[in-house]
Structures are given as structure tokens and as C-alpha cells.
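Next one to model:
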Amino acid sequence: MFRDYRIKRNLTQEQLAEIIGISPRQIQRIENNQSEPSLETLKKLIKILAISDKDIVFYMKN
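Just a heads-up that it's a prediction; the model follows:
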């Protein structure tokens, strides 16, 4: 889900990582479901990527 939103915003993993303040590797892990974002990181992802409430609820249930 995060990857799709990032691509829609025309951001690279490196750009998104810099904006959020985490490593590009961590973005990669989150996008590949190898790591869960912290609550702080999740809030930043939602805001920066303009993720809909519906998609967040779906993400949280899975």
C-alpha cells in the first residue's frame, strides 16, 4: 500500500525517507511488509502520502 501511494506522489524511497527522517532501507522494509512502521512514522506516512482513512483502516486490520 505505501509503495503505491509513494509512487503516486512521484517520490523515491530515498526522498520519502529524507522527508520522514528514517533510512531508505527502513522505507523498503515497510513497503515489503518486512517491518511495521512506528506510530510516529505511520502518522508521517499518512500525512505526507495523503493516505485515505479507508485505506488506513484496511491496513490496520491486516
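
Only C-alpha atoms from now on, for both contacts and neighbour counts.
Noted.

who's in contact with Met1?
Residues in contact with Met1, defined by C-alpha atoms under 8 Å, 6 or more residues apart in numbering, are Glu31, Tyr59.

what about Gln13, how many residues close to it?
Other residues lying near Gln13 total 19 when counted by other C-alpha atoms under 10 Å.

I figured it hits Pro24, correct?
Yes - using C-alpha atoms under 8 Å, Gln13 and Pro24 qualify as a contacting pair, with a distance of 5.6 Å.

Low-confidence stretches in this structure?
Counting by pLDDT under 70, the chain contains low-confidence residues at 62.

The longest helix seen in the chain - contacts with which helices or strands?
Counting residues, the longest helix found in the chain (DSSP state H) is helix 39-49. The elements that helix 39-49 packs onto, with contact taken as 3 or more C-alpha pairs under 8 Å, 6 or more residues apart in numbering; DSSP states H and E, are helix 2-8, helix 13-20.

Those: which one's closest to Met60?
Set against Met60 and scored by C-alpha to C-alpha, these come closest in helix 2-8, at 12.6 Å.

which strands and helices sit next to that closest one?
When contacts are defined as 3+ C-alpha pairs under 8 Å, 6+ apart, helix 2-8 sits against helix 24-31, helix 39-49.

Can you tell me which of those helices is most buried?
When you average the neighbours per residue for each of the helices and strands packed on helix 2-8 (mean count of other C-alpha atoms under 10 Å), helix 24-31 leads with a mean of 17.

Fine, thanks again, bye for now.
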